[in-house]
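Student: curious how this folds, go ahead:
(chains A and B)
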Amino acid sequence: MANPTENLDPNPRTREPEDEVEEEEEAQELNSDDGELEEEEDEEDDDDDDDTVSNPQTREGQSKTESLPPGNDKTKDHIIEAEVEAVREANTLQELLEASRVANSNLRAMDIFDSVNITLDSGPPELPGTTNVVIEVVESKNPLTGQIGAYTRAEAKSSSVEASLKYKNIFGYGDIWDGSMVYGFDSSAEVGMGMYLPRFKGLPTPFSSQRSLGLSLGLLSSKYHELVYTVAWRNLIDPPRLASESIRRQLGHSLLSALKYTFKYDQRDSYLRPTSGYAFTSTSQIGGLSPDSRSLRFLKQEIDLRCAVPLGFYQTALNFGVSGGVTFPWGSGYRTASSVPERFFLGGNSSPVCSLGGPSALWGFSTRGLGPNEPRRRGDVERDFVGGDAAVTAFADLSFDLSFRWLRERGVHGHVFACAGNMAKLTENEFRNLSAPKLLETFRTSLGAGIVLPVSLFRMEINYCHILKKQEHDRAKSGFFLTFSA
Amino acid sequence: MEGDQDTSGFTLVTRKPCFGLPTACPNCLPAYIYLKLAQLPFQLAFNSTFPDSDELPYFETGTYVAYNNEDGGVIEKLKKDGVVNLDSQLQSLPDYLSLKALILSWLEEALAYETWVGTEGVSAWKIYYSDLPWVISKVLFYKQTYMAKTRLGIIKENSEEREKQIYKRASDAYEALSTRLGEQKFLFEDRPSSLDAIFLSHILFTIQVLPETSVLRTKLLEHGNLVRYAEKLKLEFLEAPSSSSSPPLHSFPSSFSRKGSKPKSKSKTEKTEEEKKFKKRAKFFLASQFLAVVIYLSVMGGVSNDELEYEDDD
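Tutor: The predicted structure follows:
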């Protein structure tokens, strides 16, 4: 079940209009994110929904709002109006343009419209100093969509094929209902159902060994802060019956009732190729918020720090960063092991330059490929990587333009990088066996070089990675790798 | 067995102990008793969050695991893999198979019926759901009750007939086993077998776990020699010499009803009070969550950004 909010661009790109003369041109540009220019008068469609709002220009200092009765087919008015609230509050032309861009991407991200166009026009002559904002949406003619794909998940060991069917906007609240079937290549199959509302967030798809049914509520969402409450019924299962001992002990049902607060400050100039600025993220999570003491109780804290320093030539930039996280249970069960889904797993096919979600990415290491591990059931030579209660990763990445102009124009650039990471178990008195020298001694490190290809909304890297240091059983080897980051 | 078992111990993972039994789950108890009868030293570990799993109980040593839903059950798998086999020379005996069929079909059916339907799951709550949150427990209880009825072939139209049939068969089985056993120590000669483990588990569960109002329990208590058989084996194999003995089984018809009823009725009222408290708390919690959402949606309105920040195009 894809989460539509993943499409939301937190920092949509904008242009700074220099003077009023360019107003007409910019109004036309707003109409298409694909870069096609359209005449606003030509926008006519049978399923159009129109909202017209007039906004003031600061020069005149007047404010008057005028709205025409909407012709919504199915979608409720307030759903559309909630997304364009900021447009009403804009006071200057610049604010209006920015707010309109945000509103456009928000409405598209709802995933229930075939097209969204916002047009700015000068207001009626009897209302000087106002701007007409025309919002034209075309509701999807066919509310049923399906998709099928092959995926590799960060916390699951195996790949899977997933097919899902979505029924959009049944009740006109921007609601999306979906059902999905996941077939894992380890012969496990899962069926999931989800519901998404614009003010609510759906839960991610179940992993190959975990079934989850629940709801995520976005309680607070602003530029820097986000507060989400999640309640879910989780069932950890082992269909092939090959799991290791500590995973076997955790199989069963649990109730997750957790509050997650994220503070995010990202001043970097670009998400996909940062060349200057810095970013800081802190995520705190507390589980067990229910009167029932038998729900999952844990505390989890993650921190990310990223820094990009421009070096002044060939658009070279040095990116470096560090991520850390710790989790442990609280309450009467504090002496027991932490819950497996809450632990940290390092490795995978993503790049640490882009990811800001706690310690996870490490070049050269397979998904769930390092850290505390145990032998699986007899008959399976592989080992189970059971995750760690504390994890830390650090990286340095030097990116530079390539000498071919054709590649430069398409944003393709090169980079060399180095990274290191480690994790440890803390629960069940294992923290007594920890020591700084031991941790440093067992740090995994790798370095490499590669080419980065930015592909619209995500970044693809083709890297050659050389593993400098790894521990016994770690799943890592030197060679070529492909990574994707969004 | 392979060599690596010498270095690591044996562990049996079952559901939690309750009602004075080392594990109160009727699927786990036979495996426990079997290992005790074989006098194999092992550790006991518990899983109290998976009431609807067929994998429990499971036996593990090193990387070897014997799950209950493979090869006919834990006991059969342990026999087949050569871990411990109490039936090595008994399988050829003529009445071994018929007794096995009787115990594994009629008596097991009767126990499943009595646990989930006959007593309306009163004991099942404490066995399976004491460590799970109330919401999950409720859903799983209905699910497991439904599955038990499906497995037993009980539908609305035939429920009475089926009940009569199940109790009649249980009665006949008790009669046959009582006659077969007499005052012997074990079912076969003077050596324990897997059938002793399964039958003993059935008797202990029926007497100690099922409530006094249980029809099956009443029918079992009519056969004094079966109760004595269970009492003797329990004392000899299940209870460590140093631990204090539990109330004797043979006194159950009279003294248990006196001894047991007070603590049982106390625990029943405690349980219902606890349950009421949890239900109240859960309702309060859900109501406050709903109220918070409603307040947020109505007062706070939509998402508001303090400033909007954008990046220049590269």
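Student: and B:K143, what does it touch?
Tutor: By Cβ atoms under 8 Å, 6 or more residues apart in numbering or on different chains, the residues touching B:K143 are B:D52. (Each C-beta comes from the backbone N, C-alpha and C, glycine too.)
Student: helix or strand for it, which one?
Tutor: For B:K143, the host element (DSSP states H and E) is helix B:134-152.
Student: residue 132 in helix, strand or coil?
Tutor: All of this is about chain A. strand (DSSP: H, G, I helix; E, B strand; the rest coil).
Student: other chain: chain B
Tutor: coil.
Student: burial measure for it, as a count.
Tutor: 24 (other Cβ atoms under 10 Å in any protein chain shown).
Student: quick one: it and B:K138 touch, right?
Tutor: No. Under the criterion of Cβ atoms under 8 Å, B:L132 lies out of contact with B:K138, with a separation of 9.5 Å.
Student: quick check, pLDDT for B:T272.
Tutor: Looking at B:T272, its pLDDT is 65.
Student: still on that earlier bit, for the helix holding B:K143, buried residues please.
Tutor: B:134-137, B:140-141, B:144-145, B:148-149, B:152 (16 or more other Cβ atoms under 10 Å in any protein chain shown).
Student: ok, those vs B:I103, which is closest?
Tutor: Ranked by distance to B:I103 (Cβ to Cβ), the buried residues of helix B:134-152 are led by B:L152 at 16.8 Å.
Student: phi and psi next, for the closest residue to that closest one other than its chain neighbours.
Tutor: Excluding the flanking residues, the one nearest B:L152 by Cβ to Cβ, 6 or more residues apart in numbering or on different chains is B:Y113, at 5.7 Å. When read as degrees, to the nearest 10, the backbone of B:Y113 gives phi -60, psi -50.
Student: try A:F484
Tutor: According to degrees, to the nearest 10, A:F484 has phi -130, psi 140.
Student: ok, now how distant is it from A:P352?
Tutor: 13 Å (Cβ to Cβ, to the nearest Å).
Student: more crowded one of these two?
Tutor: Legend: neighbour count by other Cβ under 10 Å for A:F484 and A:P352, higher for A:P352 (28 against 15).
Student: just the element for the closest residue to that one other than its chain neighbours, please.
Tutor: Computed as Cβ to Cβ, 6+ apart, the closest residue to A:P352 that is not its neighbour in sequence is A:A361, at 4.1 Å. For A:A361, there is no host helix or strand (DSSP H and E).
Student: can you tell me the SS state at B:P26?
Tutor: Secondary structure of B:P26, per three-state DSSP, is coil.
Student: surely the residue nearest to A:P352 is in contact with A:T367?
Tutor: No. Applying Cβ under 8 Å as the test, A:A361 and A:T367 come out as separate, 10.1 Å apart.
Student: what's the overlap in contacts for the two?
Tutor: When Cβ under 8 Å, 6+ apart defines a contact, the residues bordering A:A361 and A:T367 alike are A:347-348.
Student: higher neighbour count, these two?
Tutor: The neighbour count for A:A361 versus A:T367, taken as other Cβ under 10 Å, is higher for A:A361 (25 against 21).
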